[in-house]
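J.: Return atomic coordinates for the entry below.
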Amino acid sequence: MIVLKPILTAQTLKFIARQDNATHIILRDEQDNTSVQINALFTLDSYYITSDIIFDLKEDRFYNLTVYNDTEIIYKDKVFCTSQTDYSINNDSYIQRETNNDYITL
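T.: Okay, the predicted model is just below:
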């Protein structure tokens, strides 16, 4: 999952795709079910495809990201928009369970 901010300045999108080239992305809002096509300049950096894109995102929403090379889908992911600086999907959700580590050996 990719975490982006609800700002109107360029954010770097970085991913490993099936091919070395990309032409555009389709970003679908899961809440409204509306899609927008974003044409961008993509560059290859080692194994990663990167691009600096200005997104128009709403805070606390999930989006489906689909990257295309012409008509072929080369990458899919989920995007979450938040203004939190230290956001983690596992934040405060791990609970350590008590155990006595007694094992029975036969």
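
J.: Buried residues of the lowest-mean-pLDDT helix or strand in the chain, list them for me.
T.: The helix or strand of the chain with the poorest confidence is strand 2-4; it has a mean of 90 (mean pLDDT, DSSP states H and E). By neighbour count with 16 or more other Cβ atoms under 10 Å, strand 2-4 contains the buried residues residue 4. No exception for glycine: its C-beta is placed from N, CA and C like everyone else's.

J.: Mind giving me the packing neighbours of the helix or strand immediately after it in the chain?
T.: Sequence order places strand 10-15 as the next helix or strand after strand 2-4, per DSSP states H and E. Contact analysis of strand 10-15 by 3 or more Cβ pairs under 8 Å, 6 or more residues apart in numbering; DSSP states H and E lists strand 2-4, strand 48-54 as its packing neighbours.

J.: weakest of those strands in terms of mean pLDDT?
T.: For the helices and strands packed on strand 10-15, the weakest mean pLDDT is recorded on strand 2-4, namely a mean of 90.

J.: What strands flank it, and is each parallel or antiparallel?
T.: When pairs are called by DSSP bridges, strand 2-4 turns out to pair with strand 72-81 (parallel).

J.: quick one: contacts of the partner strand?
T.: Strand 72-81 has contacts (Cβ atoms under 8 Å, 6 or more residues apart in numbering) with 1-6, 15-19, 22, 27, 49, 55, 57-68, 87.

J.: give the contact list for the nearest residue to residue 48 once chain neighbours are set aside.
T.: Leaving aside its sequence neighbours, residue 48 sits nearest to residue 14 (Cβ to Cβ, 6 or more residues apart in numbering; 5.1 Å). With contact taken as Cβ under 8 Å, 6+ apart, residue 14 is in contact with 45, 48-50.
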